[in-house]
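>>> need a structure here:
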Amino acid sequence: MPLARAAGREPQPWVEALLYSALSIVFLAPQSLAPASRIAYVGDSLESVAIVGFLGRQILSNPTHLFDAGFLHPQRDALTLTDHRLLPSLLVAPALRLSGNPVLAYNLALLVAFVAAAFGGRSLARALGLGRLPAGYAGALFAFHTYAINEAPRLNIVSHAFVAFALGSLVEWLRTGANGSRWRFALFLLLQGYCANYHLLYGVLLSSLTILIWSAANRHLARSRISGLVVPGAVAVLLFTPILVPYLRTMTSLELARSRPRGIDLLHYLSTSPSNWVWGAIGPPARLQQQGPHFVGFAAVILGIAGLFLALRLAGPASKHRAWAVGATVLTLTLVLLSLGDRLTIAGADLGPGPYGFLYDYVPGFRLVRIPERLALFVMLGVGLLGAVGLERLVEEGRRTTALFVAAAAVFEHLSPLAITTEIPRPGELPAVYKWLSAQPSEPVAEIPIRGEALIRQETIEMFFATFHGQREPLGYTAYPTLLSKVVRRALLEFPSEACLTVLDRIGVHRVIVHEGREVAPDLRNQIFNFGPQDRERRFAEAVADAGLDVERNAASAARTGRLLREARFAPWAAGSFSEGGESVYRFASGGAVEAAPLPRGTRVAAARLRLRTKEGDATAAFDGRMDTSYVLTRPLRGDEFIETRFAEPIAVSGVELVLRHESAWPTRFRIAVLREDGQWIEAARWDGAHLVQLVEGLLQEPRRGTIGFSLNGERVLGVSLLPQTGGTSASGWSLPEFRILEKP
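Numbers count the residues shown, from 1 in each chain. Reported below is the predicted structural model:
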């Protein structure tokens, strides 16, 4: 026995540190080979870059306003609309300060996250009594499996190391009652909360399940062990309060919640990334985010089954692991079931409700979680721990080389180089427009043409450049886009209409950057080109002209008439994977003169008096008087959809209201039609600038929900219909909580 081990001291794991660092570089290639300029893809990766860049600046220059990010203006503490990534950003803030490069800082944070995850898995394995090599394998598999690499663009999701460290300390506390271990457990959960709220929730869940499983076999100690965690837990909660309070304030002020989330098919645990070096693409098709590749690994599964078999034998060295191996198996299978989401699906067959529904309905925090399959990250921790038992048997038999080969095979079976990478501009390649903007006094700015609701992730490009120029912007990609940001995005479609300028004035934006040559109305183009007739180019041009969506031409025309002042003009540029055809910067002194449309008055017509009909789906939920249900149509709108209500006898309709929540979706252009007593449908109202201003002013007063109200003349009619206008789009289909028909008193 080595002297250090005999003295009770753990050898310094320098070998593991070098190995895990090397594995991080290999598994994140080719991104890792150009850390100063390369990320996986625009979207979640660039969001993390922007947040690291923003926090790195705020930590040093304005630490009392850490959550006051520059996107989604005028939302307060906009960073609380997504996972904060605070601790990873703090760790790489010195690198950001020295280099001025948020991409480099982000890639450094990724390296730290993966190495830390590996050490977290290793720490838990050591706490369970596993040797150095088997524990090293458990850590490597936990950090470098297929799904973890797939989630690398989301720094918050792969910053989950402290959950494993916390579980290791929890195991030590439950086994020995050592006082320091319970405080380390609370500390690690606190640090996890400083990294990402997502995994703090998961860490509490896994810890609770671990305590529950352990207590079932150790009832005589359960009360004392659980009560011993109360004080450290209370201290951790107190220290987490500076993060918790802003999030609670935002969540309650906007009434944020997710609809019941979709999980994965069990067969996704066979899905590889298409770039897998060993197997290529196998299993159900895998996506970059939801429904991702969850390949467990054939070697890892076989090794895990062997480890469980050895632990369950009545005799033999591995039998000392029996108790925890059984518990780990139960916990791992539980996580598999939870990752399947609200409905259990196997090979496309819906087997009914799953246990995740209980978490969603009864456990605080889970109504804010969108992707249950991320629990699969910890499935691989269980698989690695069980496999480590098998490796330990090989080591004890003197077959260390064989153990190393088997461990390497199980890990490298997951090697899947990133299929998509994007070159991001370095600080020295900053476009002239953003250099100019950085020198201007602090003032919110909007950038158009907007990229479209179907391409909202591309707004992370503007978020990235904002880390250099530091100005606030009303748009941006985040986990919870505010309803106001959706409405402002739609207003910018028609810049510089009087209604658009009125809306911008209301939120304090008087400077707009027009990127010349950028595609306009991309959602409308997709609608017409995917579903339109053969002359779609002509129809697209006509629809753009009819809806006034050519913002570049409209802005130039407004400048010629003096409605806008052109401040600056910049030449075309290309930097990294990005390019623009040049920019014109416009200002306007005050908003338009559009007055808000009045809200209608009347008594709501009871749902029992309505007969509903839709082009597709069931609209009953939009008439049930509840804001937590919605009529939902998940596909992009084609323009021929409708929601129709008819009455058994004529009703004097005084108005119609559409009541919206943060997740609502509706056509960009739509109208209200009524069915007259003579049997003719006629247009009674349409969405216009006055209703746009009405909605914005209402949201500025009450951001939790918005109301679009159409005052009608009280004519007795037999029905009301809601349907898109020509050029009306919605990339998210329809999600309408309430459609109210008001009757004249």
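>>> Now for Glu663, how many residues are close by?
Neighbours of Glu663 under the rule other CB atoms under 10 Å: 18. Heads up, the C-betas are built off the backbone N, CA and C, glycines and all.
>>> doesn't Leu368 make contact with it?
No - the pair Glu663 / Leu368 is not scored as a contact, 11.9 Å apart, by CB atoms under 8 Å.
>>> Mutual contacts of those two, please.
Both Glu663 and Leu368 are in contact with Arg258, where contact means CB atoms under 8 Å, 6 or more residues apart in numbering.
>>> How is the protein divided into domains?
Following automatic domain parsing, one finds the domains of the chain at 10-39+83-412, 425-587, 603-743.
>>> Checking my notes, Ile682 in a strand, right?
Yes - Ile682: assigned to a strand according to DSSP: H, G, I helix; E, B strand; the rest coil.
>>> I figured it was touching Ala673, is that so?
Yes - checked against CB under 8 Å, the pair Ile682 and Ala673 is within contact range at 6.4 Å.
>>> Compare the two (neighbour count), which wins?
Ala673 (20 against 11).
>>> tell me the contacts of the more buried one?
Contacts of Ala673 (CB under 8 Å, 6+ apart): 681-684, 720-721, 723.
>>> Once you drop chain neighbours, what's closest to it?
Ser721 (4.5 Å; CB to CB, 6 or more residues apart in numbering).
>>> burial of Leu660, as a residue count?
Using other CB under 10 Å, the number of residues around Leu660 comes to 25.
>>> I misspoke; the intended subject was Gly180.
Gly180 has 10 neighbouring residues, counting by other CB under 10 Å.
>>> Quickly find the element holding Glu657.
Using DSSP states H and E, Glu657 sits in strand 643-660.
>>> So which other helices or strands are in contact with that strand?
If you count contacts as 3 or more CB pairs under 8 Å, 6 or more residues apart in numbering; DSSP states H and E, strand 643-660 packs onto strand 610-614, strand 670-675, strand 706-711, strand 716-724, strand 734-736, strand 738-743.
>>> rerun that using 7 Å as the cut-off
Under the contact definition 3 or more CB pairs under 7 Å, 6 or more residues apart in numbering; DSSP states H and E, strand 643-660 sits against strand 610-614, strand 670-675, strand 706-711, strand 716-724, strand 738-743.
>>> Identify the residue nearest the residue most central in space within the chain in space, chain neighbours excluded?
Nearest to the mean C-alpha position of the chain, by CA atoms, centre = their mean, lies Ala479 at 4.1 Å. Beyond its immediate neighbours in the sequence, the residue positioned closest to Ala479 (CB to CB, 6+ apart) is Thr82, lying 4.1 Å away.
>>> what's the answer for Met380, then?
Once flanking residues are discounted, Met380 sits nearest to His145: 4.5 Å by CB to CB, 6+ apart.
>>> what separates that neighbour from Val158, distance-wise?
Distance from His145 to Val158, counting by CB to CB, to the nearest Å: 11 Å.
>>> now do Val659
Going from Val659 to Val158 by CB to CB gives 39 Å.
>>> neighbour-wise, which of the two wins?
Val158 (26 against 17).
>>> Neighbour-wise, which one of the contacts of Ala673 leads?
Val720 leads the contacts of Ala673 on contacts (other CB under 10 Å) with 27 neighbours.
>>> quick one: the helices in the stretch 51-200 of the chain?
86-99, 102-127, 132-143, 146-150, 155-158, 161-176, 179-195, 197-217 (DSSP state H, counting those that start in this stretch).
>>> Over to the stretch 551-700 of the chain?
Using DSSP H, counting those that start in this stretch, the helices of the stretch 551-700 of the chain run over residues 551-560, 689-701.
>>> any chance of those helices in a markdown table, plus mean neighbour count, distance to Val653 and mean pLDDT?
Formatted as a markdown table, these follow (neighbours: other CB atoms under 10 Å; distance: least, CB to CB, whole Å; pLDDT from 0 to 100):
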| stretch | mean neighbour count | distance to Val653 | mean pLDDT |
| --- | --- | --- | --- |
| helix 551-560 | 18 | 36 | 93 |
| helix 689-701 | 19 | 17 | 95 |
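>>> Figure out which of those helices is closest to Asp535.
Closest approach to Asp535 among the helices of the stretch 551-700 of the chain is made by helix 551-560 (22.0 Å; CB to CB).
>>> packing partners for that closest one?
If you count contacts as 3+ CB pairs under 7 Å, 6+ apart, helix 551-560 packs onto strand 511-515, strand 583-587.
>>> Can I get those in JSON lines including mean neighbour count, mean pLDDT and distance to Met380?
What follows is the helices and strands packed on helix 551-560, written out as JSON lines (neighbours: other CB atoms under 10 Å; pLDDT from 0 to 100; distance: least, CB to CB, whole Å):
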{"stretch": "strand 511-515", "mean neighbour count": "22", "mean pLDDT": "96", "distance to Met380": "43"}
{"stretch": "strand 583-587", "mean neighbour count": "20", "mean pLDDT": "96", "distance to Met380": "46"}
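>>> Dump those strands to CSV, plus distance to Pro745.
Listed next are these as CSV, based on distance: least, CB to CB, whole Å:
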stretch, distance to Pro745
strand 511-515, 44
strand 583-587, 47
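>>> want to throw the domains of the chain into a markdown table with distance to Gln58?
Below are the domains of the chain laid out as a markdown table (distance: least, CB to CB, whole Å):
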| stretch | distance to Gln58 |
| --- | --- |
| domain 10-39+83-412 | 9 |
| domain 425-587 | 10 |
| domain 603-743 | 23 |
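>>> who wins for proximity to Phe71 among those?
The closest of the domains of the chain to Phe71 is domain 425-587. By CB to CB, the value is 3.0 Å.
>>> circling back to that earlier point, let me see the contact set for the residue nearest to Ala479.
By CB atoms under 7 Å, 6 or more residues apart in numbering, the contact list for Thr82 reads 478-480.
>>> go on, Arg686?
Here Arg686 is in contact with 671-672, 725 (CB under 7 Å, 6+ apart).
>>> now it: how far from Glu255?
29 Å.
>>> One more: Arg601?
Applying CB to CB, the value for Arg601 to Glu255 is 25 Å.
>>> and if you look at Leu28?
For Leu28, the distance to Glu255 equals 38 Å [CB to CB].
>>> circling back: to Ala325, which of the helices of the stretch 551-700 of the chain lies closest?
helix 689-701 (54.4 Å).
>>> My guess is Gly120 contacts Phe165. True?
Yes - with contact defined as CB atoms under 7 Å, Gly120 counts as touching Phe165 (4.7 Å).
>>> what's the weakest-modelled helix or strand in the protein?
Ranked by mean pLDDT, DSSP states H and E, the weakest helix or strand in the chain is helix 3-6, scoring a mean of 38.
>>> Give the full set of residues in contact with the residue nearest to Arg669 when sequence neighbours are not counted.
Closest residue in space to Arg669, ignoring its immediate chain neighbours: Gly728 at 3.6 Å, by CB to CB, 6+ apart. Neighbouring residues of Gly728 by CB under 7 Å, 6+ apart: 639, 667-670.
>>> change it to 8 Å
Applying CB under 8 Å, 6+ apart to Gly728 gives the contacts 637, 639, 667-670.
>>> if we can go back for a sec, how far does the strand holding Glu657 sit from the chain's center?
Its chain's C-alpha centre and that of strand 643-660 lie 36 Å apart, by CA atoms, centre = their mean, to the nearest Å.
>>> List the pairing partners of it within its sheet, with orientation.
Using DSSP bridges, the strands paired with strand 643-660 are strand 610-614 (antiparallel), strand 706-711 (antiparallel), strand 716-724 (antiparallel), strand 738-743 (antiparallel).
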